[in-house]
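Participant: Coordinates only, no sequence provided:
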């Protein structure tokens, strides 16, 4: 099992040495923007090289065990060696899949937003179910997951939520989730137990440091509201107005953060979120499709859902873009969404090559 030609291992090692040399120069931080770019590229390459080294070690260990097992004709060890080889091949498959995530921000963390749509309390409950699905997905990946803001529903569920998901290629994967998600079920809020269709939208942006967001926000264009944080968080959330909501008056964009105890920290995070939204808006104006960040524009409009989750009269999740279907609805809602993400990214990759 060789990775040289497939992943350009030697080239990545050479580039890593070059970047490390740059970072050790005395005048490295004279150009802060360039320095941050160098460190970001180095961190990405370090992760890639470490993963390739791990894959090579897994394959070597399995091959050694296999050869020893053949010499002594030990069937149990042969089976173990074959299992290790299969695990190594599976890991390499994941690395090959990651190679498709070559967009300028694919390797970054992500800020994911969930918003309830038409359907009243059912849609707010559905938005909360989606929020949990993405939290569980992040946990399954071993990523750091942090809820930045949650606007609770009046009766149940949530009206909206913002979540930071920090992990390698989190944005590259989660951009496949952008759009409208549709739920069909017997409403638990309907006394007559009628079937209800609910909608919620998902937006995903790359989690970029504020210095990378070349956006100016004038004080005159900003309304700042502070309020007491809601939801879980102990007694503290009821004592101080630490939560911050920013409204950009020219565009109507509203962001909020209540993740920290410090109002100052919440303001800083909310400002970064606002700048990210404005930065995206500017890119949207410059580039008609915005495919690199948000997928096709039509995918986030109401009535053009990307995926349906049907709990009644049958149980199935269907992605309308790829045709991928899964009957294990409970697993999907518990965060097992990788089959949908991978099918979408493979489809987009094929389109790009075509």
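Facilitator: Noted; the coordinates are in hand. These numbers come from a predicted model, not from an experiment. Residues are numbered from 1 along each chain as shown.

Participant: Look through this protein and report the residue furthest from the middle.
Facilitator: residue 72 (47.7 Å; CA atoms, centre = their mean).

Participant: show me the contacts for that one.
Facilitator: Under the criterion of CB atoms under 8 Å, 6 or more residues apart in numbering, residue 72 has no contact partners. Placement of C-beta: from N, CA and C, glycine included.

Participant: What ranges does this structure have for its helices?
Facilitator: Along the chain, the stretches classed as helices by DSSP state H are 4-7, 9-23, 32-72, 75-98, 121-141, 170-174, 263-286, 291-294, 329-333, 338-353.

Participant: most tightly surrounded among those helices?
Facilitator: Most buried of those by mean neighbour count (mean count of other CB atoms under 10 Å) is helix 170-174; its value is a mean of 25.

Participant: for that one, packing partners?
Facilitator: strand 110-116, helix 121-141, strand 195-206, helix 338-353 (3 or more CB pairs under 8 Å, 6 or more residues apart in numbering; DSSP states H and E).

Participant: picking that back up, distance of the residue farthest from the centre of the chain relative to residue 155?
Facilitator: In this view, residue 72 and residue 155 are 67 Å apart by CB to CB, to the nearest Å.

Participant: ditto for residue 306
Facilitator: The value you get for residue 306 to residue 155, if CB to CB is used, is 27 Å.

Participant: Between these two, tell me which one has more neighbours.
Facilitator: residue 306 (25 against 10; other CB atoms under 10 Å).

Participant: Please name the spatially closest residue to that one (chain neighbours excluded).
Facilitator: residue 179 (3.6 Å; CB to CB, 6 or more residues apart in numbering).

Participant: I'd say the one you found and residue 202 touch.
Facilitator: Yes. With contact defined as CB atoms under 8 Å, residue 179 counts as touching residue 202 (6.4 Å).

Participant: who touches residue 95 in this structure?
Facilitator: 3, 7, 51, 52, 55.

Participant: where in the chain is pLDDT low?
Facilitator: When residues are selected by pLDDT under 70, those of the chain lie in 1-6, 210-212, 231-240, 286-303, 352-354.

Participant: Mark out where each domain of it begins and ends.
Facilitator: 4-98, 110-353 (automatic domain parsing).
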